[in-house]
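Asker: I'd like to go over a predicted model; first the sequence, then the structure.
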Amino acid sequence: MGFRFVREMNLAMLGKQGWKLFSDPNALVTRIFKARYFPTCSFLDAGLGSNPSFVWTSIRNSQSLIRRGARVCVGDGSTTRVWGVPWLPDTQNPYVTTPEPTYLTNPCVHSLFVPNTLSWDGELVRDIFNTRDANLIMSLPTSNRPVRDVWYWGEDMSGDYSVKSAYRVVSQGLSDERAVACDVVCPLCGVEPETIVHLFANCHFIHKCWSELNRCWRMDYVDSIDTWIGAVWSSLPREMIINIIDVCWAVWENRNQLVFNNHCMDPKPLVANALRFCSDWLAANALRETSTASHAAVSSNIS
């Protein structure tokens with residue numbers, strides 16, 4: 001089906017139900033949910049409510065998605081507010097950006113028409129709004145006859161909500177959030193590109209860590225992480241393997257501290273802390289096993 005992110009796919013599918021609650025007020029399901037959860041407002045403004053059902057909680061999660069794609073097609077302008085509603089023909093920002101004058105009280109779009117007509121009052125529009133808003137308003141075609149304002153889905157050419165278009169909107173937003181600029185150079189040595197095999201086998205920093213663990217080790221260049229892991233597993237005793245795993249974990253934590261908090265621990269205290277943690281962890285597990293065995297023995301004697 002072309003879906004890469006399950007959560008985003010689920011949100012797009014929930015959005016289809018949310019869109020129905022928002023755009024079809026006469027539907028039976030809308031009337032039921034509205035009476036229970038948003039009797040005095042629209043679906044987009046609805047709160048979670050008291051003791052909400054799982055279905056309502058799930059559908060309500062699509063509110064932000066619906067807001068991103070919902071647009072108003074202005075008819076007679078009698079139900080669309082000028083400010084705070086996406087009715088301008090701008091895909092990037094369909095909202096009026098001009099600050100609302102204090103002498104206006106949240107007017108509807110029809111107040112911008114010449115009285116008793118469905119034509120824009122150009123003089124009034126340019127007097128109230130900035131150039132950007134005024135040009136967008138004047139570019140909107142008006143109807144020849146009174147028709148009601150209707151909501152449509154702006155992310156699809158048909159104007160109808162579709163799971164495919166909603167998924168595209170959600171996944172694009174996710175891609176933007178995940179598009180974090182990263183430096184490919186290893187933050188610990190600042191010389192070579194950061195890869196897994198470099199970080200744990202070839203970096204100058206990790207060489208110093210392994211020297212703290214065993215000064216007799218040869219630090220040869222390693223081509224792949226699989227080769228390095230295979231050599232460790234096949235040639236070293238279990239206790240040393242545990243220490244290596246713990247040091248790798250400490251090096252990774254140290255690397256993250258340097259990247260995100262600009263704090264880096266030197267190899268010697270880093271290895272010492274890792275080995276201390278390993279020793280404490282093994283001691284705690286041994287104590288738990290001893291306690292479990294003693295408890296089992298006492299239970300056996302009692303029975």
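Answerer: Arrived safely, thanks for sending.

Asker: Quick one: residues in contact with the strand or helix carrying residue 126.
Answerer: Under the criterion of DSSP states H and E, residue 126 resides in helix 122-128. Residues from elsewhere that reach helix 122-128, judged by Cβ atoms under 8 Å, 6 or more residues apart in numbering: 98, 101, 112, 134, 137-138. To be clear about C-beta, it is placed using only N, CA and C from the backbone, and glycine gets the same treatment.

Asker: likewise stretch 165-175?
Answerer: Contacts for stretch 165-175 (Cβ under 8 Å, 6+ apart): 3-5, 8-9, 11-12, 15-16, 65, 68-69, 153, 155-156.

Asker: any idea which of the residues you listed is the one closest to residue 270?
Answerer: Residue 270 lies nearest to residue 5 out of the contacts of stretch 165-175, by Cβ to Cβ, at 36.3 Å.

Asker: Can you give me the pLDDT of that closest one?
Answerer: Looking at residue 5, its pLDDT stands at 70.

Asker: Could you give the number of residues near it?
Answerer: 14 (other Cβ atoms under 10 Å).

Asker: In which helix or strand does the closest residue to it other than its chain neighbours reside?
Answerer: Nearest residue to residue 5 in three dimensions, chain neighbours excluded: residue 171, at 6.0 Å (Cβ to Cβ, 6 or more residues apart in numbering). Here residue 171 sits within helix 163-178, counting by DSSP H and E.

Asker: now do residue 96
Answerer: Residue 96 belongs to no helix or strand, assigned by DSSP H and E.

Asker: which residues does it contact?
Answerer: Here residue 96 is in contact with 82-83, 88, 129, 133 (criterion: Cβ under 8 Å, 6+ apart).

Asker: Can you tell me how far it is from residue 28?
Answerer: 35 Å (Cβ to Cβ, to the nearest Å).

Asker: cool, and residue 233?
Answerer: 64 Å.

Asker: now do residue 208
Answerer: For residue 208, the distance to residue 28 - Cβ to Cβ - is 70 Å.

Asker: hmm, back to that, any idea of the mean pLDDT in the helix holding residue 171?
Answerer: Mean predicted confidence for helix 163-178 is 74.

Asker: after that helix comes which helix or strand?
Answerer: According to DSSP H and E, the helix or strand after helix 163-178 is helix 196-197.

Asker: I figured residue 189 was touching residue 208, is that so?
Answerer: No. Counting by Cβ atoms under 8 Å, residue 189 stays clear of residue 208, with 10.1 Å between them.

Asker: Tell me how many other residues crowd residue 166.
Answerer: So residue 166, with other Cβ under 10 Å, has 28 neighbours.

Asker: again with residue 151
Answerer: Once other Cβ under 10 Å is used to define contacts, residue 151 is seen to have 21 neighbours.

Asker: How about it: which residues does it bridge to?
Answerer: Residues in a beta bridge with residue 151, per DSSP bridges, are residue 72.

Asker: can you tell me which two in the contacts of stretch 165-175 are farthest apart?
Answerer: Most distant of the contacts of stretch 165-175, by Cβ to Cβ, are 4 and 153, 22.0 Å apart.

Asker: between the two, which one's more packed in?
Answerer: Taking other Cβ under 10 Å, residue 4 and residue 153 do not tie; residue 153 has more neighbours (21 against 10).

Asker: can you give me phi and psi for the more buried one?
Answerer: The phi and psi values for residue 153, taken as degrees, to the nearest 10, are phi -90, psi 110.

Asker: Could you tell me which of the contacts of stretch 165-175 are located in strands?
Answerer: residue 153 (DSSP state E).

Asker: okay, who's weakest in the contacts of stretch 165-175 by pLDDT?
Answerer: Pick the lowest pLDDT in these and you get residue 3, at 49.

Asker: Is it possible to mark the buried ones in the contacts of stretch 165-175?
Answerer: 8-9, 11-12, 15, 65, 68-69, 153, 155-156 (16 or more other Cβ atoms under 10 Å).

Asker: Dump those residues into TSV; add distance to residue 121 as well.
Answerer: Below are the buried ones among the contacts of stretch 165-175 laid out as TSV (distance: Cβ to Cβ, whole Å):
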residue	distance to residue 121
8	44
9	46
11	41
12	40
15	37
65	35
68	31
69	30
153	30
155	31
156	32
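
Asker: Can you tell me which of those residues is nearest residue 163?
Answerer: Nearest to residue 163 among these, with distances taken as Cβ to Cβ, is residue 12, at 4.8 Å.
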